[in-house]
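In: this one's structure only:
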């Protein structure tokens, strides 16, 4: 059925999925949504394809079905999918020491860290002691060298703290060492290209003008809980998070988008994320990308509870590179849901119980209490059950 275009919302939903469209529309009416896209696959078929609002309120540019946005930490889930493909092909062993693939990583107390701990935020490397400029971070090599020389902030494996940005270079360099390709290029050749995704880790210049303009959360900056958290989220001051004093979000910078910051700089349309995750668990372009054994491993909760650094426990449950169903903060669909959210409210995940791929992207970053994505997944669950 066709969705009415009230509040500049457009698209289509399959019969039985009208409640999802109702919530998507209501997010604009009651939750301050500015521009957004939502795509849901079930059994490899698109059942929800909605978009609306403004991609760039500065110019009045409308959000279209193809509009991509910076999806922040949803990028981490993309890298995790890439890693599981390498595990399935026998190129990567999650139990092996990182130094098997990246010998220089072992300096200063890191020789025994297994690959899996890079994905589970247990490596003790959420922040670096070395101060890096934005230009050095974009260049990437200085970050890799700083990681190699960094001493863990705790005994690896004994605690965890979310590796907000360093995750991307830890996992990205591992992918490069295994495949010979930068993580963004490996993703393009292996997944984005074959699946026809409007998803990039390293935005092509030709796509720059299509990207949504990200708006800072309402209410201004929130104090960091500790210095490690501040250095983690800003790379020691190279970026402003979530925005600078004037409300400008750093990741609107074309140079940052082109660089493809691998832990937070992915750019994608809603359809790109939904199709990627749908392909993991259903027949989108042939057999599912991930084996049952891979999904079984991916949905095991590896860490949860209070972090070593950061604010009070918000209830996240983490697997190997993926955010898992976390009833208090990200209920998703079931204990077979795996994916990742992104700063400001983005959410993308798969669920092999429901054979779902879900992708929701936006440009108005949410504040500390933001239920837009959770309302959508709750409505979807009601349609599926």
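Out: Nice, thanks for sending it over. These numbers were taken from a predicted model, which means no experiment stands behind them.
In: which residues sit against the one helix or strand residue 193 maps to?
Out: Secondary structure here is read from DSSP states H and E; on that basis residue 193 sits in helix 193-195. Residues from elsewhere that reach helix 193-195, judged by CB atoms under 8 Å, 6 or more residues apart in numbering: 275, 276, 279, 284, 285. For the C-beta atoms, the positions are set from N, CA and C on the backbone; glycine is no exception.
In: let's see that with 7 Å instead.
Out: Here helix 193-195 makes contact (CB atoms under 7 Å, 6 or more residues apart in numbering) with 275, 276, 279, 285.
In: ChimeraX command to pick out the buried ones of these?
Out: Written as a ChimeraX command, the selection of buried residues from the contacts of helix 193-195, which uses 16 or more other CB atoms under 10 Å, is:
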select :275,276,279
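In: mind putting the contacts of helix 193-195 into CSV with distance to residue 97?
Out: Shown next, in CSV, are the contacts of helix 193-195 (distance: CB to CB, whole Å):
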residue, distance to residue 97
275, 35
276, 29
279, 31
285, 35
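In: which of the contacts of helix 193-195 sits closest to residue 344?
Out: The shortest separation between residue 344 and any of the contacts of helix 193-195 is 19.6 Å, and it belongs to residue 276 (by CB to CB).
In: okay, now the closest residue to residue 365 other than its chain neighbours: neighbour count?
Out: On the basis of CB to CB, 6 or more residues apart in numbering, the spatially nearest residue to residue 365 that is not a chain neighbour turns out to be residue 344, at 3.0 Å. For residue 344, the tally of surrounding residues (other CB atoms under 10 Å) stands at 26.
In: return the per-residue confidence for residue 344.
Out: Confidence at residue 344, expressed as pLDDT, is 96.
In: where's the closest residue to residue 61 other than its chain neighbours, which helix or strand?
Out: Counting by CB to CB, 6+ apart, the nearest residue to residue 61 once its immediate chain neighbours are dropped is residue 55, at 4.9 Å. With elements delineated by DSSP H and E, residue 55 resides in strand 45-56, which encompasses its position.
In: any weak-confidence spans in this protein?
Out: 1-7 (pLDDT under 70).
In: helices of that one, start to end?
Out: Per DSSP state H, the chain has helices spanning 18-30, 74-88, 115-119, 134-139, 141-149, 166-179, 183-187, 193-195, 227-234, 254-259, 270-281, 292-298, 372-384. These are given in chain order.
In: residue 332 is nearest to which of those helices?
Out: Among the helices of the chain, the nearest to residue 332 by CB to CB is helix 372-384 (5.6 Å).
In: buried residues in the closest one?
Out: Per 16+ other CB under 10 Å, helix 372-384 contains these buried residues: 372, 373, 374, 375, 376, 377, 378, 379, 380, 381, 383, 384.
In: could you check the angle it makes with strand 45-56?
Out: Taking axes from the mean of the first three to the mean of the last three CA atoms, to 10 degrees, helix 372-384 and strand 45-56 form an angle of 160 degrees between their directions.
In: which residues touch helix 372-384?
Out: Applying CB under 7 Å, 6+ apart, the set of residues contacting helix 372-384 from outside is 16-17, 19-20, 23-24, 27, 31, 33, 38, 40, 330-333, 341, 345, 347, 354, 360, 366.
In: so what's the nearest residue to residue 203 once chain neighbours are set aside up against?
Out: Counting by CB to CB, 6+ apart, residue 257 is the residue found nearest to residue 203 once chain neighbours are left out, at 4.3 Å. Counting by CB under 7 Å, 6+ apart, residue 257 makes contact with 70, 203, 211, 251, 265, 267.
In: residues in contact with the third one?
Out: Contact analysis of residue 211 by CB under 7 Å, 6+ apart lists 68, 69, 70, 203, 257, 267.
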